[in-house]
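*Asks:* fold the following, please.
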Amino acid sequence: MVEIGEYMRDVLARYDSLRGQKIANSRAEFWNLVIISAGDEEQRRWFAAQLALKADMGDLPLDVPITCISDPEGSRIGSGGATLNILKILSQKYKEEFFKWKIMIIHSGGHSKRLPSHSCSGKIFSPLPILPTKGGPYQMLDLKLAIYLPFLSTMEPGIFITASDDIEVFSINEIKRKRNSDGVTALAHPSSLKIGTGHGVYVLDCQTSGSPSTTEIRACQEVLQKPTVALMKERGATVRDAKGIEQVYSDSAFWFTSSVSKKLLQFYSEVEPLQNELCVYGDFLTFLGSKEDKYYVSQLQRAKQTRANELKLKLCSFLDQVPLDILLLNRSKFYHLGTMQEYLNGLTNDENLRTELNLHSRVRCRLLSAEDGDTVDRIEGVILNSAIHASSIVHRNTVVEYSLIKGKVIMHPQTILSSVVVDRTLDIPGGFLYHTVPIRDGKAESFVTIAFGVEDDIKSSLDRNNLKFGGRSLGDLENLSKYLSVEKIFQNREECSLWHGKIFPSSKSMEESFLMTVNLVKMLIEGKGAGMEL
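*Replies:* Next comes the predicted model:
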C-alpha cells in the first residue's frame, strides 16, 4: 500500500488537472454542487466575491456551481441549523432533482476568533503552502475540493459534510462495503485516547481495529462526543492496534444519503424558525447507531427539559432508525488548523503534515533586494504570497502571509504576520499574531492592526479583571496609557472578551498602523510607556 504522502500527491495532481477546465470535458467524477455556508448575508457577499475572483483566475473547475448560502436572520443556529437551512433552499430551488446529486457542504460560518487573521476572509479561504501543478496558490477551499475526490465513487447521491479548518490525509485502496448503506457514512481515523477526548469517537460493532492495509466499512453502535477516557472504555469505544496499544476511531467528515435529507427536511418543516443551535456533529451524529441505550440520548432524556433539549430530542426521533456506517481509514491522520498555535505548528513544525501534503516554505514569495549587499539568506519559516526584504532574519516557526515587508525585519518564534506593510527596519516581538484590516467610521477610512498572543483566549467572556492579553492582565495596559483603561476598551459592554475589546489604535496608513501596534506590544512586554498617547 502506498505511503500517505505519495497517495495525497496523486490526489492533488488529479484535482489540479481539473482547475480551469470543464468537468464535462473530462472523465473525472466531481461534485454536482458545492455549498459554502456563511454566518450572515454580509459574510456571504464577501465569500461570493472571493469565489468570483478565484473563478476569474481559473483556479476552480469551470462548470461546477460553487455557491454560498447564509444562515437566516435571527438566533444563531449552529452548523446543524445551517445544514437544515441549506437543504430547505436546495429543495425549493431544485425540487426533486437535487436528491439525485452528490453535494458537498463546507461549514464556514464562524468568525475564526481563535485565528483572527482569517476572520475577515473566512477560514475556507486561508492560504496554504502548497505548490500547485496548475492554477493559482492553494487555499483551504482548493484542498477541500481535492482531498475528498476518492470517496465520490463510494458515495451514494446525498450530502457530504465537512468543516473549513481541518485536514484529513490518507492512503486507501479499494473500499470494501458490507452493504449498500441507505443512511450515514462517516470517515474515521485511528487516534490515541487523549486525542479522542477532544473529538467524536465511534463505538464499533467489532471490537478490533482494522488492518492497516485495508479500508473497510463497519456498523456503528453509538457516537460519543468529546468523551473522557473512562467513558470510552465503559462504552466499548477502545480497540487495540496490531501492537496491542489502545486506540479509538475519531470523527471528521461524513455523508448521508437523500433519504436522510428528506427526513431532515421534514423535521425542519415542523420546527422552523430555529431558536436554538444544533451541531451537525455533536447533535446529528450522536443520535445515530444501533445501541438502544445511547449515552448522549440518555443524558438528554434525564436532563431538565429546556426548549433546546426538546428540540434535540425531537430531532432524535427523526434520526433514531437511520443506520450509521463507519469508513475506517486505517492509514490516515487528522489535523486541525483552527487556532494560532495549530496553524503555526501545522505549517512550520509538523514534519508529518509537511511531508504528507508536500508543504513548501515559500509559495509566491518575492525577495526584495538588500541595499547593504547582504546576500546571506536567513529567512526561514513559511512565506506565502508576500514580498520580504532579503536581509530579514526570520525564525522557522513563523508564518508571513499576504504581506509587504520593505524593510529589514527580525522575526522571532511563534509569530504570524498577515496583511501587514512594514516600511522600515524593525525588531518584531515574537509570540504574537499581527493582522492589518481596513475600517470605515462613517466616511472616514483608516487601518487597524490587531495583535494577540498566540496563547491568548480571545473567545471567552470573563470578568474584566481576569482577562489576559499577551500573557498580562488587561489592567497592565492602563498603566501604559490613560487611553487604554478597561472602561475605554469595553465601553460599558456587558460581554467582556478580547474579541470585543477596542484595544488597538487606528491610523491612515497600513505602515503606521502596524508600527503603532508593534510599539504597544513592546510596551506591554517591557512594562514601560506610562502616559503614552495612542
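
*Asks:* what stretches of the stretch 401-534 of the chain score poorly on pLDDT?
*Replies:* 482, 493-494, 528-534 (pLDDT under 70).

*Asks:* just the helices from it, written as ranges.
*Replies:* 474-480, 486-490, 510-526 (DSSP state H, counting those that start in this stretch).

*Asks:* turn those helices into JSON lines, columns for distance to E41.
*Replies:* From N, CA and C alone the C-beta is placed, and that goes for glycine too. Below are the helices of the stretch 401-534 of the chain laid out as JSON lines (distance: least, CB to CB, whole Å):
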{"stretch": "helix 474-480", "distance to E41": "33"}
{"stretch": "helix 486-490", "distance to E41": "27"}
{"stretch": "helix 510-526", "distance to E41": "28"}
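
*Asks:* which of those sits closest to T425?
*Replies:* helix 510-526 (11.5 Å; CB to CB).

*Asks:* run through the neighbouring helices and strands of the closest one.
*Replies:* Packed against helix 510-526, as judged by 3 or more CB pairs under 8 Å, 6 or more residues apart in numbering; DSSP states H and E, are the following elements: strand 421-422, strand 426-428, strand 432-441, strand 444-453, helix 474-480, strand 506-507.

*Asks:* so after the helix or strand bottoming out on mean pLDDT in the chain, what's the next helix or strand?
*Replies:* Averaged element by element with mean pLDDT, DSSP states H and E, the chain has its least confident helix or strand at strand 175-176 (a mean of 70). Once strand 175-176 ends, the next helix or strand along the chain (criterion: DSSP states H and E) is strand 184-191.

*Asks:* buried residues of stretch 95-108, list them for me.
*Replies:* Neighbour-count burial for stretch 95-108, with 16 or more other CB atoms under 10 Å as criterion, is recorded at F98, F99, K102, I103, M104, I105, I106, H107, S108.

*Asks:* that older thread, please identify the most buried of the helices and strands packed on helix 510-526.
*Replies:* Ranked by mean neighbour count, the helices and strands packed on helix 510-526 are led by strand 421-422 with a mean of 22 (mean count of other CB atoms under 10 Å).

*Asks:* in its sheet, what does that one sit against?
*Replies:* If you go by DSSP bridges, strand 421-422 pairs up with strand 404-405 (parallel).

*Asks:* what comes into contact with the partner strand?
*Replies:* The contact list for strand 404-405, computed with CB atoms under 8 Å, 6 or more residues apart in numbering, reads L368, S386, A387, I388, H389, S392, L417, V420, V421, V422.

*Asks:* out of these, list just those in strands.
*Replies:* Among these, the ones falling in strands (DSSP state E) are L368, S386, A387, I388, H389, L417, V421, V422.

*Asks:* quick one, what contacts the second one?
*Replies:* For S386, the contact set (CB under 8 Å, 6+ apart) comprises R364, C365, R366, V400, E401, Y402, S403, L404, I405.

*Asks:* before we go further, the second one is sitting in a strand, right?
*Replies:* Yes. Counting by DSSP: H, G, I helix; E, B strand; the rest coil, C365 is located in a strand.

*Asks:* so F334 is in contact with D166, correct?
*Replies:* Yes. Under the criterion of CB atoms under 8 Å, F334 makes contact with D166 at 6.6 Å.
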